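Engineer: Would you be able to build a 3D model of this:
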Amino acid sequence: MKLRIAAVDLVSNTCFPVLAADELGYFKAEGLEARIELVAAIGATKALRDGSTDAMIAGSVHDVLTEFPDWKGVKVVVALSQGTPWLLVVRADLDCNRGDIHAVKGLKLTAAAGPDLEFKQMLIGAGIDPAKDLRIVELPGAKARDVSFGVFAARALEAGEIDGFWANAMGGETAVSRGAGKILIDVRRGDDPAEVRRFTFAGMVTTDEFIEREPESIAAAVRAIVKAQKALRAAPKLAAEVGRRKFPADAAALITRVVERDAPFYDPVISEEAVMSLNRFAQTVGHLSGPVPYERVVAVRFRHLWYI
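Structural biologist: Numbers count the residues shown, from 1 in each chain. Purely as a prediction, here's the structure:
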């Protein structure tokens, strides 16, 4: 069995269980030859739509709706991590307290396409106008195929090009470890001004057509990912082995610390509550025309595999 998996960012704690399933041999043990393919920003959903990949790693699963309106023809098969995984990082010298979202007023910040929707909605929920109260800019070069947005943004922060960024914990850890930034908002750990933690989650997604054609390949992938998540929860230091093989040296040095913090969120279960919250958010930002049932979003035929 073979499976092509598209990803826009491999230097990521959010989707790390897929890398771990590959590098620690869980895919192979399931008889699956998986190939994880790096694509340009926002390219994974397009690759899934045009058939140039079989599945995709979605850091925010609502991104799929840009190419598959109203969840037609696509399913989430397993959660890679629970809750909205992004953090807001600001300059280390900024005079502000952790959790004070209003400290962003007047700042120049950046966020990747897709996650920027959660960021803007968080600001709106806190009574901040994203268009008037601060500047949200695009970083030149950030959408290139070989760029990890969080690490790229951390370097821009260190260079003084921006005042902060909204990205994954690898970006946050990079900025903090270099003394360039500090965490202002971490929605999964209590800094949540607008219920942002419920907006989305990371997951693996495939098409209805591929599920019907290759159900055993998807089942094998789900089993492997669940086993990798379980292994990382039990022994986060396994991340170091994966990081050494897959990450640049500076990111590899940080990944174990990041995974140790993220391990409790490596849970494959997709609850009905999570899907309801996801769909409410997608409707709010105009990505979904109305409510859809759980079974339209999630491939329930694989649900029993989350509990192996």
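
Engineer: going forward, measure contacts between C-alpha atoms and count neighbours the same way
Structural biologist: Noted.

Engineer: And the strands in the stretch 201-308 of the chain, which stretches?
Structural biologist: In the stretch 201-308 of the chain, the strands defined using DSSP state E, counting those that start in this stretch lie at 202-207.

Engineer: now the helices for it?
Structural biologist: Under the criterion DSSP state H, counting those that start in this stretch, helices of the stretch 201-308 of the chain are mapped to 208-213, 215-234, 238-246, 249-262, 272-284, 294-297.

Engineer: Centre of the chain to the fifth one, how far?
Structural biologist: Right, helix 272-284. In terms of Cα atoms, centre = their mean, to the nearest Å, the centre of helix 272-284 is found 16 Å from the chain centre.

Engineer: So in the chain, which strand runs the longest?
Structural biologist: strand 74-81 (DSSP state E).

Engineer: hmm, who's touching that one?
Structural biologist: Contacting residues not belonging to strand 74-81 are listed as 14-18, 61, 68, 201-208, 218, 222, 225, 229, 265-270, 296-300, 302-303, 306 [Cα atoms under 8 Å, 6 or more residues apart in numbering].

Engineer: tell me which strands and helices the helix or strand just after it is in contact with?
Structural biologist: The first helix or strand that comes after strand 74-81 along the chain, using DSSP states H and E, is strand 87-91. Secondary-structure packing of strand 87-91 (3 or more Cα pairs under 8 Å, 6 or more residues apart in numbering; DSSP states H and E): strand 164-167, helix 169-177, strand 181-186.

Engineer: lowest-confidence stretch among the ones you listed?
Structural biologist: Mean pLDDT is lowest for helix 169-177 out of those, coming in at a mean of 93.

Engineer: Just give me how far that one sits from the chain centre.
Structural biologist: 15 Å.

Engineer: And for Leu109, the neighbour number?
Structural biologist: Summarising burial for Leu109: neighbours were counted as other Cα atoms under 10 Å, giving 23.

Engineer: Of the contacts of strand 74-81, keep whichever come out buried.
Structural biologist: Neighbour counting with 16 or more other Cα atoms under 10 Å marks 14-18, 61, 68, 201-208, 218, 222, 225, 229, 265-270, 297-300, 302-303, 306 as buried within the contacts of strand 74-81.

Engineer: re earlier: strand 202-207 and the longest strand of the chain, what's the angle between them?
Structural biologist: 160 degrees (axes from the mean of the first three to the mean of the last three Cα atoms, to 10 degrees).

Engineer: quick one: buried residues of strand 74-81?
Structural biologist: 74-81.

Engineer: Which two among those are spaced furthest apart?
Structural biologist: Between any two of the buried residues of strand 74-81, the greatest separation by Cα to Cα is 19.2 Å, found for Val74 and Ser81.

Engineer: how about the residue sitting furthest away from the middle of the chain, secondary structure?
Structural biologist: Centroid-distance maximum for the chain: Asp95 at 29.0 Å, with Cα atoms, centre = their mean. Following DSSP: H, G, I helix; E, B strand; the rest coil, we place Asp95 in the coil state.
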